[in-house]
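Asks: here are the coordinates; sequence isn't available:
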């Protein structure tokens, strides 16, 4: 998932599944050992058939354990990326919302206050630009790790953040030129 809470929940579930799979290792080993003993007491043809089945069982178990381990590692690796992305997005969105409100009401300010506010906003833009740059770096990484619906969600947030930020920069620049 590309959402922190959901990914944390998925990570917990994957951890539980991985533990359950590891617990079954001894049962798989036991079946393989018993099968190996049994092969000593049956015909060659039956032994070959049993060996194929035991090998298949071991392969399926190993594949399952490997897949669960890979999924768990992927989720654990992705969690800080998802948390960082959403923290940056939320901070930037909150700041942009405040700036949009200021820009809408700026005509009610005195000219002197407008000029002071524009200078403050110009500095604010420079301070918040690294947040947007971080979102632009982290977003595509998340899209690669979570294709499909997750990628579309992240792409939408990145696009909206960039458009809003650019619109704010343009408005501040235009007002600064007045």
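Replies: That came through, no problem. The model shown is predicted, which means the values in this text are computed figures rather than measured ones. Numbers count the residues shown, from 1 in each chain.
Asks: show me where the protein has helices.
Replies: Taking DSSP state H to define them, one finds helices in the chain at 4-23, 25-39, 44-105, 111-145, 149-177.
Asks: need the ones you listed in CSV (columns: mean neighbour count and mean pLDDT).
Replies: C-beta coordinates here come from the backbone N, C-alpha and C atoms, glycine included. Compiled in CSV, the helices of the chain are given as follows (neighbours: other CB atoms under 10 Å; pLDDT from 0 to 100):
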stretch, mean neighbour count, mean pLDDT
helix 4-23, 14, 95
helix 25-39, 13, 96
helix 44-105, 15, 96
helix 111-145, 15, 95
helix 149-177, 15, 95
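Asks: in contact with residue 1, which residues?
Replies: Residues near residue 1 by CB atoms under 8 Å, 6 or more residues apart in numbering: 7, 10, 82, 146, 150.
Asks: pLDDT value on it, please?
Replies: Residue 1 is assigned 79 on the pLDDT scale.
Asks: same question, residue 147
Replies: pLDDT for residue 147: 81.
Asks: kindly list the main-chain dihedrals of it?
Replies: Torsion angles at residue 147 (phi, psi; degrees, to the nearest 10) stand at phi -70, psi 170.
Asks: need the contact list for the closest residue to residue 172 other than its chain neighbours.
Replies: Excluding its sequence neighbours, the residue lying closest to residue 172 (CB to CB, 6 or more residues apart in numbering) is residue 121, at 4.9 Å. The contact partners of residue 121, taken as CB under 8 Å, 6+ apart, are 99, 102-103, 168, 172.
Asks: looking at those residues, which one is closest to residue 39?
Replies: For these, the minimum distance to residue 39 (CB to CB) is 73.9 Å, reached by residue 168.
Asks: please name the nearest non-neighbouring residue to that closest one.
Replies: The shortest distance from residue 168 to any non-neighbouring residue, by CB to CB, 6+ apart, is to residue 99 (5.4 Å).
Asks: cool, and residue 7?
Replies: Distances taken as CB to CB, 6+ apart put residue 1 closest to residue 7, at 4.5 Å, once the chain neighbours are dropped.
Asks: do you know how far the residue nearest to residue 172 is from residue 176?
Replies: From residue 121 across to residue 176, the span is 9 Å (CB to CB, to the nearest Å).
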